[in-house]
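Novice: take a look and give me a structure for this.
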Amino acid sequence: MSTSTRRCGLLLCGLLLSSASLAMGQQTNTQIKKVPAPYTSPTSGREMFVSYCAACHGNEGKGDGPAAPWLKAPPPDLTTLAKRHDGKFPGSYVVIVLRNGAAPIHGTLDMPIWGPIFGAINGKGQDSPEVNLRISNVAKYLESIQSK
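Specialist: Residues are numbered from 1 along each chain as shown. Predicted coordinates for the structure are as follows:
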């Protein structure tokens, strides 16, 4: 299992364990269980965002997901991508980050590299048409949630 796949499992599991931690209230020693990325429809950018990204970035993309407190650097507010790029959504940049990772953005390797993870989900490799569709649809979803 690759390092990025393990990171993905760690982050996805953070969402589930964070919910349990919140319910328990006073538990201070949280363990994050590693799990493989679940299958989602490659045609639904929102479904993929909620399944793969919301643990850190929050359901609305504002960087307030339940796993965010355990990251070395806070996840960015993805609803302000256009605002932070002179009012234009940086679609090509987002595709590159999703495919190749975001270490320079976060300053850490906390964000999984989705190209290989999506390739492992479909079993056809990271350059397959399905991986390209997944990345494109997540980017389109992110464009749709930009704050005005």
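Novice: and the residue sitting nearest the centre point of the chain, what's its pLDDT?
Specialist: Residue closest to the average C-alpha location in the chain (CA atoms, centre = their mean): Cys53, at 2.8 Å. Among the per-residue scores, Cys53 shows a pLDDT of 95.
Novice: now it. Its backbone dihedrals?
Specialist: Here is the backbone geometry of Cys53 (degrees, to the nearest 10): phi -110, psi -30.
Novice: that one contacts Tyr141, correct?
Specialist: No: in this structure, Cys53 is not within contact of Tyr141 by CB atoms under 8 Å, at 9.3 Å. All C-beta spots, glycine's among them, are computed from the backbone N, C-alpha and C.
Novice: how many residues are close by Pro38?
Specialist: Per other CB atoms under 10 Å, the neighbour tally for Pro38 reads 9.
Novice: swap that for Leu81, please
Specialist: 22.
Novice: which ones are touching it?
Specialist: Phe89, Pro90, Val94, Leu142, Gln146 (CB atoms under 8 Å, 6 or more residues apart in numbering).
Novice: and of those residues, the nearest to Asp64?
Specialist: Nearest to Asp64 among the contacts of Leu81: Leu142, at 15.8 Å, using CB to CB.
Novice: sec struct for the closest one, please.
Specialist: With DSSP: H, G, I helix; E, B strand; the rest coil as the basis, Leu142 sits in helix.
Novice: that one reaches Gly61, doesn't it?
Specialist: Yes: with contact defined as CB under 8 Å, Leu142 and Gly61 form a contacting pair (6.9 Å).
Novice: shared neighbours of the two, which are they?
Specialist: Joint contacts of Leu142 and Gly61 (CB under 8 Å, 6+ apart) are Phe49, Leu78.
Novice: roughly how far does Phe118 sit from Ser44?
Specialist: 13 Å (CB to CB, to the nearest Å).
Novice: pLDDT weak spots in the protein?
Specialist: 1-34, 103-110 (pLDDT under 70).
Novice: can you pull the phi/psi pair for Asn101?
Specialist: Let me fix one detail, which is that residue 101 is Gly and not Asn. Per degrees, to the nearest 10, the backbone of Gly101 is at phi 100, psi 170.
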